[in-house]
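*Asks:* predicted structure and sequence below. I'll ask about it afterward.
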Amino acid sequence: GSMNVMVNGQPRQVAAGTTLQALIGAQTGGGRGGAAALDGDVVPRSQWPSTTLRDGSVVEIVTAVQGG
């Protein structure tokens, strides 16, 4: 099955059981740094692999941008 979640204000469809780690990896291409919030609560990076998304979850991903 699939679920609909909001990622940085954009609707996305993800597979049921998708973790925050998998979603962020797909969004950022595995980029380092950054922070994530699920339904308004910041999730520590150490918990991303064990945090499973639910249908209707709202995820905000802040990626660290390298300046030059």
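*Replies:* Yes, it's here.

*Asks:* for Thr51, what are phi and psi?
*Replies:* Main-chain dihedrals, Thr51, degrees, to the nearest 10: phi -100, psi 110.

*Asks:* what's near enough to touch the closest residue to it other than its chain neighbours?
*Replies:* Excluding the flanking residues, the one nearest Thr51 by C-beta to C-beta, 6 or more residues apart in numbering is Leu20, at 4.2 Å. The way it works is simple: take the backbone N, C-alpha and C, and place the C-beta from them, glycine included. Contacts for Leu20 (C-beta atoms under 8 Å, 6 or more residues apart in numbering) come out as 36, 38, 43, 47-49, 51-53, 59.

*Asks:* repeat that for Gly29.
*Replies:* With C-beta under 8 Å, 6+ apart, Gly29 has no contacts at all.

*Asks:* any idea how far it is from Val7?
*Replies:* 14 Å (C-beta to C-beta, to the nearest Å).

*Asks:* and for Arg12, the neighbour number?
*Replies:* Arg12 has 17 neighbours, counted by other C-beta atoms under 10 Å.

*Asks:* check what pLDDT the residue nearest to Thr51 gets.
*Replies:* pLDDT for Leu20: 94.

*Asks:* list the buried residues of the one helix or strand in the chain whose mean pLDDT sits lowest.
*Replies:* One helix or strand of the chain scores below all others by mean pLDDT, DSSP states H and E: helix 20-28, with a mean of 88. Within helix 20-28, the residues that qualify as buried by neighbour count (16 or more other C-beta atoms under 10 Å) are 20-24, 27.
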